[in-house]
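# here is my input; please provide its structure:
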Amino acid sequence: MEITDLVSIEGVVADLKATSKKQALQDLAHRAADVTGLHERAIFDTLLERERLGTTGVGLGIAIPHGKMADLDRLYGVFARLNNPVDFDAVDDQPVDLIFLLLAPESAGADHLKALARVSRLLRDQSVCEKLRGSDTPAAIYALLTESTTSHAA
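Okay, the predicted model is just below:
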(Lines give C-alpha, C1' and ligand atoms only; values in the text may rest on other atoms or scores of the structure.)
Protein backbone atom coordinates (compact mmCIF):
# COMPACT_ATOMS: atom_id res chain seq x y z
CA MET A 1 0.00 0.00 0.00
CA GLU A 2 1.60 3.22 -1.18
CA ILE A 3 0.50 6.85 -0.86
CA THR A 4 0.22 7.02 -4.66
CA ASP A 5 -2.49 4.33 -4.41
CA LEU A 6 -4.51 6.64 -2.17
CA VAL A 7 -4.14 10.23 -3.28
CA SER A 8 -3.91 12.02 -6.62
CA ILE A 9 -2.84 15.61 -7.19
CA GLU A 10 -6.57 16.49 -7.42
CA GLY A 11 -6.86 15.28 -3.85
CA VAL A 12 -4.30 17.75 -2.48
CA VAL A 13 -5.30 21.09 -0.95
CA ALA A 14 -2.34 23.40 -0.27
CA ASP A 15 -4.15 26.22 1.52
CA LEU A 16 -7.29 25.08 3.31
CA LYS A 17 -8.85 28.14 4.94
CA ALA A 18 -10.93 26.41 7.62
CA THR A 19 -11.37 28.06 11.00
CA SER A 20 -12.74 25.04 12.88
CA LYS A 21 -12.63 21.25 12.90
CA LYS A 22 -16.16 21.08 11.51
CA GLN A 23 -15.38 23.48 8.66
CA ALA A 24 -12.17 21.58 7.85
CA LEU A 25 -14.13 18.32 7.64
CA GLN A 26 -16.81 19.99 5.48
CA ASP A 27 -14.20 21.39 3.10
CA LEU A 28 -12.42 18.04 2.91
CA ALA A 29 -15.72 16.24 2.30
CA HIS A 30 -16.33 18.63 -0.60
CA ARG A 31 -12.94 17.83 -2.12
CA ALA A 32 -13.41 14.10 -1.46
CA ALA A 33 -16.78 14.26 -3.25
CA ASP A 34 -15.03 15.67 -6.31
CA VAL A 35 -12.43 12.88 -6.21
CA THR A 36 -14.74 9.94 -5.39
CA GLY A 37 -17.99 10.95 -7.07
CA LEU A 38 -19.91 10.38 -3.81
CA HIS A 39 -22.21 12.92 -2.18
CA GLU A 40 -20.44 15.51 -0.05
CA ARG A 41 -23.01 15.22 2.74
CA ALA A 42 -22.63 11.42 2.95
CA ILE A 43 -18.86 11.80 3.28
CA PHE A 44 -19.20 14.53 5.91
CA ASP A 45 -21.68 12.45 7.93
CA THR A 46 -19.32 9.46 7.80
CA LEU A 47 -16.44 11.60 9.08
CA LEU A 48 -18.54 13.12 11.87
CA GLU A 49 -19.73 9.69 12.94
CA ARG A 50 -16.11 8.54 13.22
CA GLU A 51 -15.11 11.65 15.18
CA ARG A 52 -17.87 10.92 17.71
CA LEU A 53 -16.09 7.64 18.53
CA GLY A 54 -12.91 9.55 19.33
CA THR A 55 -10.75 12.21 17.80
CA THR A 56 -8.65 11.46 14.74
CA GLY A 57 -6.27 14.25 15.77
CA VAL A 58 -3.23 12.07 16.43
CA GLY A 59 -0.93 14.80 17.77
CA LEU A 60 1.93 16.98 16.56
CA GLY A 61 -0.45 19.02 14.38
CA ILE A 62 -1.69 16.00 12.44
CA ALA A 63 -5.17 14.53 11.95
CA ILE A 64 -6.16 11.43 9.99
CA PRO A 65 -9.96 11.49 9.70
CA HIS A 66 -11.25 8.32 8.11
CA GLY A 67 -14.32 6.24 7.46
CA LYS A 68 -15.82 3.42 5.45
CA MET A 69 -18.50 3.94 2.83
CA ALA A 70 -20.60 1.39 0.95
CA ASP A 71 -20.41 3.01 -2.49
CA LEU A 72 -16.62 3.14 -2.81
CA ASP A 73 -14.75 0.76 -5.10
CA ARG A 74 -11.28 1.46 -3.64
CA LEU A 75 -9.48 3.52 -1.01
CA TYR A 76 -9.25 7.29 -1.53
CA GLY A 77 -7.17 9.92 0.21
CA VAL A 78 -7.34 13.69 0.38
CA PHE A 79 -4.50 15.69 1.92
CA ALA A 80 -4.75 19.27 3.15
CA ARG A 81 -2.38 21.80 4.63
CA LEU A 82 -4.29 24.42 6.58
CA ASN A 83 -3.37 28.09 6.38
CA ASN A 84 -3.96 28.39 10.10
CA PRO A 85 -4.06 25.47 12.56
CA VAL A 86 -7.46 24.61 14.05
CA ASP A 87 -8.50 22.95 17.28
CA PHE A 88 -9.17 19.32 16.36
CA ASP A 89 -9.55 17.89 19.88
CA ALA A 90 -6.20 16.19 19.25
CA VAL A 91 -4.80 13.74 21.78
CA ASP A 92 -2.01 16.21 22.67
CA ASP A 93 -4.38 19.23 22.72
CA GLN A 94 -2.30 20.89 19.95
CA PRO A 95 -4.00 22.50 16.94
CA VAL A 96 -3.91 20.67 13.62
CA ASP A 97 -2.54 21.99 10.33
CA LEU A 98 -1.93 18.76 8.35
CA ILE A 99 -4.90 16.52 7.58
CA PHE A 100 -4.92 13.29 5.61
CA LEU A 101 -8.49 12.13 5.02
CA LEU A 102 -8.91 8.46 4.18
CA LEU A 103 -12.07 6.83 2.80
CA ALA A 104 -12.40 3.08 2.29
CA PRO A 105 -15.01 0.68 0.96
CA GLU A 106 -16.98 -1.08 3.72
CA SER A 107 -15.39 -4.34 2.59
CA ALA A 108 -11.82 -3.00 2.83
CA GLY A 109 -10.98 -4.66 6.17
CA ALA A 110 -7.21 -5.11 6.38
CA ASP A 111 -6.55 -2.74 3.46
CA HIS A 112 -8.16 0.10 5.44
CA LEU A 113 -5.88 -0.63 8.41
CA LYS A 114 -2.81 -0.94 6.18
CA ALA A 115 -3.59 2.43 4.59
CA LEU A 116 -4.05 4.06 8.01
CA ALA A 117 -0.73 2.59 9.15
CA ARG A 118 0.99 3.79 5.96
CA VAL A 119 -0.32 7.34 6.33
CA SER A 120 0.54 7.37 10.04
CA ARG A 121 4.09 6.18 9.36
CA LEU A 122 4.58 8.89 6.74
CA LEU A 123 3.28 11.69 8.95
CA ARG A 124 5.29 10.59 11.99
CA ASP A 125 8.40 11.65 10.06
CA GLN A 126 9.06 15.18 11.33
CA SER A 127 11.25 16.14 8.35
CA VAL A 128 8.42 15.20 5.95
CA CYS A 129 5.95 17.25 8.00
CA GLU A 130 8.28 20.26 8.05
CA LYS A 131 8.60 20.10 4.26
CA LEU A 132 4.82 19.72 3.86
CA ARG A 133 4.26 22.75 6.09
CA GLY A 134 6.71 24.74 3.96
CA SER A 135 5.09 23.84 0.63
CA ASP A 136 2.47 26.10 -0.87
CA THR A 137 1.29 24.36 -4.03
CA PRO A 138 -0.61 21.11 -4.56
CA ALA A 139 2.11 19.92 -6.95
CA ALA A 140 4.87 20.47 -4.38
CA ILE A 141 2.88 18.74 -1.65
CA TYR A 142 1.99 15.84 -3.92
CA ALA A 143 5.64 15.45 -4.89
CA LEU A 144 6.63 15.33 -1.21
CA LEU A 145 3.93 12.79 -0.38
CA THR A 146 4.87 10.52 -3.26
CA GLU A 147 8.63 11.04 -2.89
CA SER A 148 8.27 9.94 0.70
CA THR A 149 6.46 6.84 -0.53
CA THR A 150 9.60 5.54 -2.18
CA SER A 151 11.99 6.48 0.61
CA HIS A 152 9.75 5.25 3.46
CA ALA A 153 8.63 1.93 2.05
CA ALA A 154 6.62 -0.18 4.47
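# residue 118 contacts residue 64, doesn't it?
No. Counting by C-beta atoms under 8 Å, residue 118 does not reach residue 64; the two are 10.6 Å apart. From N, CA and C alone the C-beta is placed, and that goes for glycine too.
# of these two, which one has the most company?
Taking other C-beta atoms under 10 Å, residue 118 and residue 64 do not tie; residue 118 has more neighbours (22 against 19).
# chain neighbours aside, what residue packs nearest to that one?
Closest residue to residue 118 apart from its sequence neighbours, by C-beta to C-beta, 6 or more residues apart in numbering: residue 1 at 5.0 Å.
# point out where the protein drops to low pLDDT.
Residues of the chain meeting the criterion pLDDT under 70: 148-154.
# all helices of this protein, in order?
Residue ranges of the helices in the chain, as given by DSSP state H, are 21-36, 40-53, 110-123, 126-134, 138-151.
# output the contacting helices and strands for the second one.
With contacts defined as 3 or more C-beta pairs under 8 Å, 6 or more residues apart in numbering; DSSP states H and E, helix 40-53 has these neighbours: helix 21-36, strand 66-69, strand 96-105.
# that older thread, correct me, but the residue nearest to residue 118 touches residue 112?
No. Contact between residue 1 and residue 112 fails when scored by C-beta under 8 Å: they sit 9.9 Å apart.
# tell me how far the most centrally placed residue in the chain lies from residue 9.
Central residue of the chain (C-alpha atoms, centre = their mean): residue 100, 1.3 Å from the mean position. Taking C-beta to C-beta, to the nearest Å as the measure, residue 100 falls 15 Å from residue 9.
# go on, residue 144?
Counting by C-beta to C-beta, the gap between residue 144 and residue 9 amounts to 12 Å.
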